[in-house]
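Q: A predicted structure for the sequence below; I have some questions about it.
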Amino acid sequence: MTKHFRKELEKIKKQIITLGSMVEELVQMAVIAVENQDAELANQIIKKDLEIDEKEVEIEEECLKVLALHQPVAIDLRFLIAVIKINNDLERIGDQAVNIAQRVGVIAKREQMDFFFDYSAMGEKAQTMLKMSLDSLISLDDDIALKVLQLDDEVDQMQKEAYDRIKLAMGEHPEKVGYLINLLLISRHLERMADHATNIAEEVIYLIEGEIVRHAQHESGYIELPTKKGAFRQLNAPFWLRPFFNHQLINPLICH
């Protein structure tokens, strides 16, 4: 590996970590905006998403440039492919945060009603999944990534509960259907956040194990990896990826 190639990969690694931190902050803001029905905070989310869009394009262009100039193979190629896909999922999570902000903006302008679905647990779960998926990337830990895949079912169940309760409320308060539809859409956007976090975890497993696990879920609810657990982390990680080890994604605004 040339010195220039190594520097390019290090740059991309730092960029995707930075984008992850930015998206984590936006998700946290979205959850707070829902809990407090804070229209002002919702507007801040919409403005901040522009920075994420710009960063996503920057990272994709950098990856494509490295692919074209250096034609990497094996683990280096897997890293770039994984980053391109993770980059897209992070940007989509940012878009979901904007969608939530828009729903909050509409709800805040309407006449309030006694019914309000508590999204705190669902929001916390989505944030946890995002953090864990990014941690699994930073530490190259497929055990963490697998846990993210398992948590996705819990968020799906929460979304179903929100749907059932809000549908019932629509029957009882037909004059408030507009308000309730916006409330229902929030559950959908949170569920999509969790789905994208799951996608990131799947790409981390691909990076580590070289196996595509998107459709490998068993009826028992877990995924069996064909290679020895931890073998990649201990023996085969290229030296330019090793700085990921024992490193934590630090963002003072996001404490779990």
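A: Structure received.
Q: For the residue most central in space within the chain, give me its contacts.
A: The residue lying closest to the centre of the chain (C-alpha atoms, centre = their mean) is residue 197, at 3.4 Å. Going by C-beta atoms under 8 Å, 6 or more residues apart in numbering, residue 197 touches 89, 93, 126, 129-130, 132-133, 148, 152. Every residue, glycine included, has its C-beta placed from N, CA and C.
Q: Including secondary structure and pLDDT, could those go into a markdown table?
A: Shown next, in a markdown table, are the contacts of residue 197 (DSSP: H, G, I helix; E, B strand; the rest coil; pLDDT from 0 to 100):
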| residue | secondary structure | pLDDT |
| --- | --- | --- |
| 89 | helix | 98 |
| 93 | helix | 98 |
| 126 | helix | 97 |
| 129 | helix | 98 |
| 130 | helix | 97 |
| 132 | helix | 97 |
| 133 | helix | 97 |
| 148 | helix | 96 |
| 152 | helix | 94 |
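Q: between those, which is nearest residue 173?
A: When these are ranked by distance to residue 173 (C-beta to C-beta), residue 126 comes first, at 27.2 Å.
Q: so the closest one touches residue 192, yeah?
A: No: the pair residue 126 / residue 192 is not scored as a contact, 9.1 Å apart, by C-beta atoms under 8 Å.
Q: more neighbours, these two?
A: Using other C-beta atoms under 10 Å, the more surrounded residue of residue 126 and residue 192 is residue 126, with 29 against 19.
Q: And the more buried one, how close does it get to residue 48?
A: 18 Å (C-beta to C-beta, to the nearest Å).
Q: Please apply the same query to residue 193.
A: 16 Å.
Q: give me the low-pLDDT residue ranges for the chain?
A: The model of the chain has pLDDT under 70 over residues 1, 216-256.
Q: And the strands in it, which stretches?
A: Taking DSSP state E, the chain contains no strands at all.
Q: which stretches of it form helices?
A: For the chain, applying DSSP state H gives helices covering 3-36, 39-70, 74-109, 120-139, 142-172, 177-209, 231.
Q: Let's have those helices in a markdown table, adding distance to residue 215.
A: Shown next, in a markdown table, are the helices of the chain (distance: least, C-beta to C-beta, whole Å):
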| stretch | distance to residue 215 |
| --- | --- |
| helix 3-36 | 25 |
| helix 39-70 | 25 |
| helix 74-109 | 15 |
| helix 120-139 | 18 |
| helix 142-172 | 12 |
| helix 177-209 | 10 |
| helix 231 | 23 |
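Q: what's around the residue nearest to residue 185 when sequence neighbours are not counted, how many residues?
A: Closest residue to residue 185 apart from its sequence neighbours, by C-beta to C-beta, 6 or more residues apart in numbering: residue 103 at 5.2 Å. Per other C-beta under 10 Å, the neighbour tally for residue 103 reads 23.
Q: Tell me who's in contact with residue 103.
A: Going by C-beta under 8 Å, 6+ apart, residue 103 touches 182-183, 185-186, 189.
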